[in-house]
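*Asks:* quick check, what structure comes out for this input:
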Amino acid sequence: MILFFICLFGLGLAYKFYSPFVAKQAGIDPDSPTPSQRFNDGVDYVGVHPVKAFLIQFLNIAGVGPIFGPILGALYGPIALVWIVLGNIIGGSVHDFFSGVMSIKEDGKSLPEIAGHYFNIYFKAIMLLFTAMLLFFVGVVFIMSPAGLISNLDSLQGTMFADNGLWVLIILSYYLLATLLPIDKVITKFYPVFGGLMIVMTLSIIVAILWHAPNLPAIENIFAFFSHNHLSHELLNRVPDGPPVWPLLFVTITCGAISGFHSTQAPIIARCLTNEKYARPVFYGAMLAEGVVACVWAVAGIAAFPGGYAELKSIIDLGGPGLVVNKIATSYLGSLGGLMAILAVAVFPITSGDTAFRSLRLTIIDAFSIKQSIKNRLMVSIPILTIAYFMTKIDFSLIWRYFAFSNMLLSTSVLWLATKYLFSRKSFHWIASLPAAIGTAVTVSYIVTAPIGLGFAQSASKPTGVIVGIICVIALIVLHKRSYSK
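*Replies:* Prediction:
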């Protein structure tokens, strides 16, 4: 449990000391008019109180990712917590912050449009493809996961409400409404409440773990895990009988550490902030808050199963991370508390799925300069949701793999875009460029060995990642000397 509190302390220190330094490099100007003030249209550009903006951003990015991902990451042991905290501070929070800042500076535009401004039309097309692909997979995942959670509730078994297909249609119908309606009709009214619900649910799990979890690794065992032998073998190779840490851990736990999906949500809130000074608490702060949620569920995954890797793996194989949530919630919070926690976990992906489809609609409208009429919104939204319905018939694990890979791919691309932004300002670009280089190494390593990629032997993964990372750093040093000497 000491490691857990060290993680929380580290996230708090990052906001206190590191985030102001990051904000300084970004060129935050409290006196500059924001997009909500310059383009108020009553649909997407609507001023929102910063507290509401934080809760909406937190809920938009959180969903089921910082719950399911860390539960799967718990298979790797305590190293999962280390990755969540370091990835969040160095990569994820920086990624989310610059996603929001760049959108504010560019009139609330979506990422492909920003990429076209700072690079060229080709990079814009690549970002449009990556963004649309990820948003679509996120939307599909966040139809399937809550539908599965709700239909599998014990209290619904034997009734018509146990039909998974029924819940898919109900969730899709809601998504259509949420995609079309102005942001102040649904999202700004109800999402702050749901954001508060996630905070309460997370705190409940924390208290329950502190009270009921005797199976957390002792601090001396944690130190033993990071001993020389483990660092040279298990840490970068595999936990006993488990999957290889590099690069699978970094792709398994994205939400909570770093997630490209968050960059697609940033323009929604960038169009609603009333002052640039709120970018740090809203974007950087919300990502740190998600890191706390991820740490909680990673610890829960480790603590709740005395059989360790084998027991947790058997439950995941039986019913996925949703079944793990069910067992943790009911064992720690009782039947009623468990039911409330499961329903909350089902609500969270819905509130991210609808904003995923909304962001996809905004991205397409921005890319092709389509007028924001109800007819055009329908013409964009209905085909997307129709295709999404048929995608829910595909195996969930396959959809999740594509989601995880595209998530890491987009986050790396956004960090390179932030690097370009900082280069243009002659600011300290290393806060974005170094995590971009690491993300590139992870992404290339994964696609080289993954079944959905090139399918090479696992032994090729680490050498490939090291070589790519070194090349990126050398290129950055050369570009730095050229750009900053002018």
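
*Asks:* following the worst-scoring helix or strand of the chain on mean pLDDT, which helix or strand shows up next?
*Replies:* Least confident element among the helices and strands of the chain, by mean pLDDT, DSSP states H and E: helix 228-232 (a mean of 42). Sequence order places helix 248-252 as the next helix or strand after helix 228-232, per DSSP states H and E.

*Asks:* what about the stretch 351-486 of the chain, any weak spots by pLDDT?
*Replies:* Scanning the stretch 351-486 of the chain for pLDDT under 70 picks out the ranges 396-397, 400, 452, 485-486.

*Asks:* can you pull out the helices in it?
*Replies:* In the stretch 351-486 of the chain, the helices defined using DSSP state H, counting those that start in this stretch lie at 374-391, 396-425, 430-449, 461-484.

*Asks:* ok, which of these comes nearest Asn275?
*Replies:* Proximity to Asn275 (CB to CB) singles out helix 396-425 among the helices of the stretch 351-486 of the chain, at 20.0 Å. Backbone N, C-alpha and C define where each C-beta goes, glycine included.

*Asks:* can you give me how far the closest one is from the chain middle?
*Replies:* The chain centroid and the centroid of helix 396-425 are separated by 10 Å under CA atoms, centre = their mean, to the nearest Å.

*Asks:* counting by contacts, list what it packs against.
*Replies:* helix 19-26, helix 93-105, helix 111-118, helix 121-151, helix 248-252, helix 261-270, helix 430-449, helix 461-484 (3 or more CB pairs under 8 Å, 6 or more residues apart in numbering; DSSP states H and E).

*Asks:* how about the ones you listed in a markdown table, adding distance to Val46 and mean neighbour count?
*Replies:* Below are those laid out as a markdown table (distance: least, CB to CB, whole Å; neighbours: other CB atoms under 10 Å):
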| stretch | distance to Val46 | mean neighbour count |
| --- | --- | --- |
| helix 19-26 | 24 | 17 |
| helix 93-105 | 15 | 28 |
| helix 111-118 | 20 | 22 |
| helix 121-151 | 21 | 22 |
| helix 248-252 | 36 | 24 |
| helix 261-270 | 10 | 29 |
| helix 430-449 | 29 | 23 |
| helix 461-484 | 38 | 14 |
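
*Asks:* mind putting those helices into JSON lines with distance to Cys7?
*Replies:* Output for these, formatted as JSON lines (distance: least, CB to CB, whole Å):
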{"stretch": "helix 19-26", "distance to Cys7": "17"}
{"stretch": "helix 93-105", "distance to Cys7": "14"}
{"stretch": "helix 111-118", "distance to Cys7": "30"}
{"stretch": "helix 121-151", "distance to Cys7": "25"}
{"stretch": "helix 248-252", "distance to Cys7": "16"}
{"stretch": "helix 261-270", "distance to Cys7": "20"}
{"stretch": "helix 430-449", "distance to Cys7": "19"}
{"stretch": "helix 461-484", "distance to Cys7": "25"}
